[in-house]
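Colleague: kindly return the folded structure for what I paste below:
(chains A and B)
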Amino acid sequence: MSLRPTRTFHPYAMLAPTLAVLALFCLVPLGVAFHKSFFAWDLLTEPEPVGFGNYRALLASGELGELIVRTLAYSVVVVSASLTLGLALAVALNREGRFYAFVRSAVFSAYVVSWVAVALLWLWLLDPQAGLIARVSKGLGLTPVDWLGNPRVVLFTLAGVTVWKITGYAMVIFLAGLQDVPRSVLEAAALDGAGPWQRFRYIVWPLLRPTATFVATTSLILSFQAFDIVRVMTQGGPVRSSTIFVYAIYEQVFVNMRVGRASALTVVFFVLLLGLTGLQWWLWRKSADSRVAT
Amino acid sequence: MSRERGPSRRVFALGLGALFASACDRPARPAGEVAFWFSYGGNNRKVLLELVSRFHREQSAVRVVPTFQGDYFEGLVKLRTGLFVGAVPTITHVVGEVVPYLARAGVLERLEGVGDAVLSDLEPALAQFGTFEGAEDEPLVALPFNRSTPIAFFNRTIFRELGLSPPTTWDELRAVASRASLVGEEARWGFECPVDWWFWTALVGQAGGRLVEDGRITLGGEPGARALELWQAMVHDDRTMRSPPGRDFNAWEASNGDFLAGRAAMIWTSTAFVRYLEENASFPVGAAPLPGDVRRAVPTGGTFFVMPKGLPAPEREAGLAFLRWMMQPQQASEWARRTGYMPVSQAGRRELEATGFFREHPNFKVAVDQLSVAQRWPWAPELFRVQREAVQPRLEAAVSERLDVRKVLAEARLVAEAG
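Modeller: As a prediction, this is how the structure comes out:
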């Protein structure tokens, strides 16, 4: 039976349900947001056209620049740390035995817990006076750090909690990637005198690169979507030092009642993500081309 | 392979149309049903639900369906979204600052229908009368119920051991906080207060200022700056005050938690927590009015009942019947007695005095007595935005980073005036 479509419209008909969902939940809302970004509107009164006023206000107040820097800083920590830790754990735990199976399950279990539960758990652990970490610090004679109350520390604390939650996911994906590394190649390299580090550097890592790209991409998306953890643990504070993009959009529309400004932020966020995705895609293509060339 | 004909385009279009129509139409409520969105948690929620149960026992024509909607600000988000999509409750309650904004948007129903008997019995300082800035004759759109003022709570055990009395001036506040603070293993804050608009407004009033003067947003002028400087001095110089972490009521909960755990000797919070703090503390709790600076002053707080405009007449009448019942002296005094909020009914207050309740529970009387120095909110449509966007986000930075308070307030005034 031929898989070629008998009518021209068949492929489009097959794509139609997905396209309809995409249009309804992504493209139309994005279009509406783009349109609303040129208005001052609070949901209740008539929208007033303000041209580029919302974009200008975001730029003039410095809010946009601060948000981009803060969100990127958070994402860089989350992506790099979850990638590194996930890979390290996958390599260390890629062995048989009940103990390793238990540790793998334990590490992954954090990923299936809801964000709100994770946030509440860490709120308790990080309490500067009554929290477990503060008590241990005091017991060791150290001065407890105000993990959530210090504006210079809080963003990295949130990134750390995020890494704790998603590293199990990265580990599982890397474990799956490791299953595809041919054992015979590793054995041959070992017979040729390659040590563990050389085997990892020259055989395992090149074969894991597509997996790493996938983990990096999904972690990046996840870090840009962070909301629950901010909402529960810090509400963007102290002094807005943990207000990252999605939370700022929520704040504008639901706290400040500025739908237009929130829409402008959404449009900028979309363009930023589009740019980052394009950059990632370009780097991936470049790296794939260079591999083919060699 | 035979091709089966699917539903015709017309049937599909009709189905889609019906789907949208059903999604957009507000479902009619059963006759006599009142949807009540509320934001009370803990003990206050329990008391409210018991009042609703009693209302049901006393009559059968109106059935109230209460639904918890998160804290005041979360509830407001849901109300606004509900108003936009046309899925509104019959009754809800909102903070006073937001009433003029909702009134200007034209989304609130007039509530005179609750009856003259109810209206003439309301405590004037807690009701809508005379609150709208520059307009005395605004229609009645808000009825008070859970109304409060900020008061000081102190740990009687600590105060007795140290021979301290509740402070009556700012200087005494600093001195008492200093005496009650402990450093080292058993660290304790002498004073804790959320760096929040409400408490800052109290300080501005005590320093002799007003947020709006002659229709102009001044944010207190020099007294506004002095209010922030007091906090800065207590946090950075004296190191006796903790500014609890978290936004809005998260910070309030943190400060209550520190007080109950003995980590703070004295806190400022709402009178609404009298019952909660008394019942959950392992030590005797004292309450006192806030201190004064050049004068004594406090803002009022809490919320007002409002009703969205455009409800079907039977639903509106059912909602008014419930409000009328809730405003009666018996319910108003029960609510006050069991929570700590102030009785909004004058007869209800007199009943609490006559039965000796205030004599037996002096902590409950602090806010009622303090009402004599309560300042009216300057209700203007911009007030809520001034609070949420211009002032509140700047207070925390001004105190924790010890910024130049006059610059901070000048910037806040610019944002407030820009609208």
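
Colleague: could you check the pLDDT of the residue nearest to the spatial centre of chain B?
Modeller: Geometric centre of chain B, nearest residue: residue B:302, 2.7 Å, by CA atoms, centre = their mean. Looking at residue B:302, its pLDDT stands at 89.

Colleague: next one: residue B:60
Modeller: Residue B:60 is assigned 93 on the pLDDT scale.

Colleague: what about it, neighbour count?
Modeller: 8 (other CB atoms under 10 Å in any protein chain shown). Yep, even glycine has a C-beta here, placed from its N, CA and C like the rest.

Colleague: go on, the one 5 residues further on?
Modeller: When neighbours are defined as other CB under 10 Å, residue B:65 has 14 of them.

Colleague: do residue B:354 as well
Modeller: For residue B:354, the neighbour count with other CB under 10 Å is 9.

Colleague: quick check: phi and psi on it?
Modeller: phi -70, psi -40 (degrees, to the nearest 10).

Colleague: gap between it and chain A?
Modeller: Noted for residue B:354: a distance of 44 Å to chain A, by CB to the nearest CB, to the nearest Å.

Colleague: repeat for residue B:383
Modeller: In terms of CB to the nearest CB, residue B:383 sits 13 Å off from chain A.

Colleague: relative to residue B:212, how far out is that residue?
Modeller: 8 Å (CB to CB, to the nearest Å).

Colleague: on that earlier part again, anything in the strand or helix carrying the residue nearest to the centre of chain B near chain A?
Modeller: If you go by DSSP states H and E, residue B:302 is part of strand B:301-306. No: Strand B:301-306 stays clear of chain A (CB under 8 Å from any CB of the partner chain), getting no nearer than 13.0 Å.

Colleague: what parts of chain A come near chain B?
Modeller: A:42-45, A:129-130, A:138, A:148-149, A:151, A:234-240, A:254-257.

Colleague: not counting its neighbours along the chain, what's nearest whichever residue of the stretch 101-250 of chain A sits closest to chain B?
Modeller: Closest to chain B within the stretch 101-250 of chain A is residue A:235: 3.4 Å, counting by CB to the nearest CB. In this structure, residue A:235 finds its nearest non-sequential neighbour in residue B:247, 3.4 Å apart by CB to CB, 6 or more residues apart in numbering or on different chains.

Colleague: and for the one you found, the neighbour number?
Modeller: If we define neighbours as other CB under 10 Å, then residue B:247 has 21 of them.

Colleague: again, but for residue A:187
Modeller: 11.

Colleague: surely it forms part of a strand?
Modeller: No: Residue A:187 is assigned helix when assessed by DSSP: H, G, I helix; E, B strand; the rest coil, not a strand.

Colleague: residue B:372 and chain A: what is the separation?
Modeller: 34 Å.

Colleague: so who does whichever residue of the stretch 1-150 of chain B sits closest to chain A touch?
Modeller: When scored by CB to the nearest CB, the stretch 1-150 of chain B has residue B:105 as its residue closest to chain A, at 3.9 Å. Taking CB atoms under 8 Å, 6 or more residues apart in numbering or on different chains, we find residue B:105 in contact with A:42, A:44-45.

Colleague: what's the neighbour count on the residue nearest to residue A:49 when sequence neighbours are not counted?
Modeller: Once flanking residues are discounted, residue A:49 sits nearest to residue A:39: 5.7 Å by CB to CB, 6+ apart. Residue A:39 has 19 neighbouring residues, counting by other CB under 10 Å.

Colleague: same thing with residue A:208?
Modeller: Neighbours of residue A:208 (other CB under 10 Å): 21.

Colleague: ok, now which ones touch residue B:84?
Modeller: Per CB under 8 Å, 6+ apart, neighbours of residue B:84: A:43-44.

Colleague: next one: it from residue B:107, what distance?
Modeller: For residue B:84, the distance to residue B:107 - CB to CB - is 10 Å.

Colleague: returning to that earlier point: verify the stated contact: the residue nearest to residue A:49 with residue A:48.
Modeller: Yes: Residue A:39 lies in contact with residue A:48 (CB atoms under 8 Å); the separation is 6.3 Å.

Colleague: for residue A:128, what are phi and psi?
Modeller: phi -70, psi -20.

Colleague: let me know the average pLDDT across the strand or helix carrying residue B:147.
Modeller: Assigned by DSSP H and E, residue B:147 belongs to strand B:143-148. Mean pLDDT, strand B:143-148: 91.

Colleague: which element is encountered next along the chain beyond it?
Modeller: Assigned by DSSP H and E, the successor of strand B:143-148 is strand B:150-155.

Colleague: now the angle from that following strand to strand B:301-306?
Modeller: 130 degrees (axes from the mean of the first three to the mean of the last three CA atoms, to 10 degrees).

Colleague: so what touches strand B:150-155?
Modeller: B:164, B:166-167, B:198-199, B:202, B:259, B:262, B:265-271, B:273, B:277, B:281, B:283, B:285-291, B:298-299, B:301, B:366-367, B:370.

Colleague: just the ones of those in strands?
Modeller: B:266-270, B:285-288, B:298-299, B:301 (DSSP state E).

Colleague: mind checking how far the nearest residue to residue B:266 once chain neighbours are set aside is from residue B:340?
Modeller: Distance criterion CB to CB, 6+ apart; nearest residue to residue B:266, sequence neighbours excluded, is residue B:154 at 4.3 Å. Note on residue B:154: its distance to residue B:340, by CB to CB, is 15 Å.
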